[in-house]
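Engineer: this one's structure only:
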């Protein structure tokens, strides 16, 4: 094993990492390895080998977010002697070009590199290895796919290393990932493997079911009645007359809306098409309001309904003029004034008071920014809890620089509770985080695995999953469990027979 640029004395020798490296060093490889087991170390070994084998060549390390790029950069800085550079969309294109030219290993987000390829700002001919972290994103039009194709077509000696803890829950997506990245080799390890299991930190997973107060269930019934009224309006417009009510759900309404929008875009302006767009839009907003009330909080529901009342869209105005909606808002305001709220918020406070007394650090995951704000408001004045909000960049969110600064402050102990949206789910490794709270269940197996992976990376940890009984929360939880079981079965099949998709033409590098 080459180690010309590696500070070997700082890296623990693990047999599974060495074995994966030997398999991946000269083949385009997808590595599936549980969270916290050192995928970055494997990338360091491969980068070191490739840059030693091809002197004066470069390496490109990609990850979906700036905080994750910064993390990889810090790990490489600590463990290697490479000349390192970071590029992102916040850096001027001319400066990015200088970084590409000046350093051996470049860390970047895929969208930035995709743009620089299109503008000829980066010359891929001298790059001998491309590392793709969180490789499960490599489907559809995601930037990883286009960067990989350009890398294979332009590099003089291409080798690709793809890394993920959670590939996909169905075979077709795995085939797509492998095809899109030109994978010719797969290396898989699971927590049960003998050479891996001794490095796994224990995680206690506790499901906490809460019961919503009667006032919130009454409001849910009223919102459901509004949904049914609008479904009746669709039928009166001649739409879905023959579809059983039990078959109609948010996914079907979203598909129907897409069909109507396509018809309007093509110039079809019949009354039923226009009404179809408006009613489906109303339904999707009401479905969202229902879930906010059931799964998030009464305050989040009230805030969203107020946005509809103040909205300018035709669907907003139609919802707002409904007498039922006025009564719903009055009931929501009255309940909030009386202190009625989801028990999830009090559970978060209870858990944190109990855990923070022993010096723990916690990440709270939630779907929505509004919920981040609401949780923060409930925690900010509680002694012993130092919360901070961690959200994405869009629509007035945190800049990439602010995100990186918050992670560093959290690691330094300035804060002990990180309240985060999905931006914190992937890859971020924070030492000593031993508590995670899932404020709601998520139907995605990948997201559930990624969330759990943020806790107990260095020490044993506890994961709390809050579930509102009798709501869609329950359904989302079981969907995630089912998909995760499917993913694990696929991983086990790959482990038993790595040739299971090699022989069907899926695993072939780009030519």
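Structural biologist: Perfect, thanks for sending it. Computed from a predicted structure; not experimentally measured.

Engineer: other residues contacting the helix ranked longest in the chain?
Structural biologist: The single longest helix within the chain, with elements called by DSSP state H, is helix 472-496. With CB atoms under 8 Å, 6 or more residues apart in numbering as the test, helix 472-496 has contacts from 32, 166-171, 174, 186, 188, 190, 207, 291, 294-295, 440-449, 465-468, 500. Bear in mind the C-beta positions are built from the backbone N, C-alpha and C, glycine included.

Engineer: narrow those to those in strands?
Structural biologist: Among those, the ones falling in strands (DSSP state E) are 32, 186, 188, 207, 465, 466, 467, 468.

Engineer: surely the last one touches residue 345?
Structural biologist: What it means is residue 468. No. In this structure, residue 468 is not within contact of residue 345 by CB atoms under 8 Å, at 11.6 Å.

Engineer: hey, what's residue 438 bridged with?
Structural biologist: Note on residue 438: beta-bridge partners by DSSP bridges are residue 365, residue 465.

Engineer: distance of it from residue 345?
Structural biologist: Residue 438 sits 14 Å away from residue 345, going by CB to CB, to the nearest Å.

Engineer: so which bits of the longest helix of the chain are buried?
Structural biologist: 472-474, 476-477, 479-480, 483-484, 487-488, 490-491, 494-495 (16 or more other CB atoms under 10 Å).

Engineer: name the nearest of the residues you listed relative to residue 277.
Structural biologist: Minimum distance to residue 277 across those is 25.1 Å, recorded for residue 472 (CB to CB).

Engineer: pLDDT-wise, which helix or strand of this protein ranks last?
Structural biologist: helix 445-452 (a mean of 74; mean pLDDT, DSSP states H and E).

Engineer: out of the buried residues of helix 472-496, which comes closest to residue 53?
Structural biologist: Using CB to CB, the buried residues of helix 472-496 come closest to residue 53 at residue 494, 28.0 Å.

Engineer: local confidence estimate at the closest one?
Structural biologist: Note on residue 494: pLDDT of 68.

Engineer: buried ones in stretch 265-277, by neighbour count?
Structural biologist: For stretch 265-277, by 16+ other CB under 10 Å, it's 273, 274, 275, 276, 277.

Engineer: let me redo that: stretch 117-127
Structural biologist: By neighbour count with 16+ other CB under 10 Å, stretch 117-127 contains the buried residues 117, 121, 122, 124, 127.

Engineer: which residues does the fourth one contact?
Structural biologist: Just to be clear, that refers to residue 124. By CB under 8 Å, 6+ apart, the contact set of residue 124 is 60, 117, 150, 151, 154, 155.

Engineer: can you report how many residues lie near the residue lying closest to it once chain neighbours are set aside?
Structural biologist: Nearest residue to residue 124, sequence neighbours excluded (CB to CB, 6 or more residues apart in numbering): residue 154, at 4.1 Å. For residue 154, the neighbour count with other CB atoms under 10 Å is 15.

Engineer: looking at residue 438 and residue 345, which is more packed in?
Structural biologist: residue 438 (25 against 22).

Engineer: could you find the closest non-adjacent residue to residue 37?
Structural biologist: Counting by CB to CB, 6+ apart, residue 199 is the residue found nearest to residue 37 once chain neighbours are left out, at 5.9 Å.
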